[in-house]
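[1] Show me how the following folds:
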Amino acid sequence: MTNEAVIAVVGGTGKLGAAIARRLAKAGRTVIIGSRSAENAQKAAAELGFGIKGKSNADAAQAGDIVIVTVPFQAQDATLAEIRPFVQGKIVVDTTVPLVPPKVMRVQLPEEGSAAVRTQNALGEGVTVVSGFHNVAAHKLATDQDIGCDVLVFGDDKAARAQVVELANDAGLRGIHGGALVNSAAAEALTSILIFINKTYKVDGAGITITGTLTDPEA
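    Numbers count the residues shown, from 1 in each chain. Just a heads-up that it's a prediction; the model follows:
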């Protein structure tokens, strides 16, 4: 798939979704944001600019070649059920972190082992699920600043994973292959630890950076 692929961001009126959509559109990608309300999505898209369009979540998922899901854990089941008919044969990028208020500084993974595996089970084998963007502060991503943060990307399909690594790079971050989809549990759990670090050390949106010199796996 080329850079001409249409990127649909379901839940794109939320902080993380809007920030990802804006960065990708600014990088030249064709982006649609989805929301439960098409009217709200259209309004938010106009505010974000860069040619972003707004639709309902279902219509956005239907129009997208790659669909990024950026909804809270509590809305995951309903959202996946809504878009399931429209994402068969596509790549779905799951950004869900299983935070369970009020104890968001404690790791509380779902019984499936991770939100990403939960997504794969919900969407079925006809969908290629990749996960990422778990450890990036949305309010920083919404700016034009260089965050200097790595994005670990997980998925069982290496080619699909590579496309999402490229998306992270286009968003001004550094995408890094993190291995199989089950490994997503590590990054999802890490988010609770980063929230704890933010509070304990008064950090404004801590992230992660992998040290050392990385050689491109395609090289």
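[2] for the spatially most central residue of the chain, what are its contacts?
    What sits nearest the mean C-alpha location of the chain, by CA atoms, centre = their mean, is T95, with 3.5 Å. Contacts here follow CB atoms under 8 Å, 6 or more residues apart in numbering; on that basis T95 touches L16, I20, I68, V69, T70, S131, G132, F133, H134. All C-beta spots, glycine's among them, are computed from the backbone N, C-alpha and C.
[3] Drop the exposed ones from those residues and show what's left.
    L16, I20, I68, V69, T70, S131, G132, F133, H134 (16 or more other CB atoms under 10 Å).
[4] The last one: what's it in contact with?
    The neighbours of H134, taking CB under 8 Å, 6+ apart as the test, are T95, V97, L152, S184, A187, E188, L190, T191.
[5] what do you get for the fifth one?
    Under the criterion of CB under 8 Å, 6+ apart, the contact list for T70 reads V9, V10, G11, G12, G14, L16, G17, I20, T95, F133.
[6] Out of the residues you listed, the closest to V117 would be?
    T95 (14.3 Å; CB to CB).
[7] picking that back up, between the contacts of T70, which sits nearest D216?
    F133 (20.6 Å).
[8] What separation do you get for that closest one and L141?
    8 Å (CB to CB, to the nearest Å).
[9] overlap in contacts of these two?
    Applying CB under 8 Å, 6+ apart, one finds that F133 and L141 are jointly contacted by L16, I20.
[10] What helices and strands are in contact with the longest helix along the chain?
    Looking across the chain with DSSP state H, the single longest helix is helix 184-201. Secondary-structure packing of helix 184-201 (3 or more CB pairs under 8 Å, 6 or more residues apart in numbering; DSSP states H and E): helix 115-123, strand 128-131, strand 150-155, strand 174-179.
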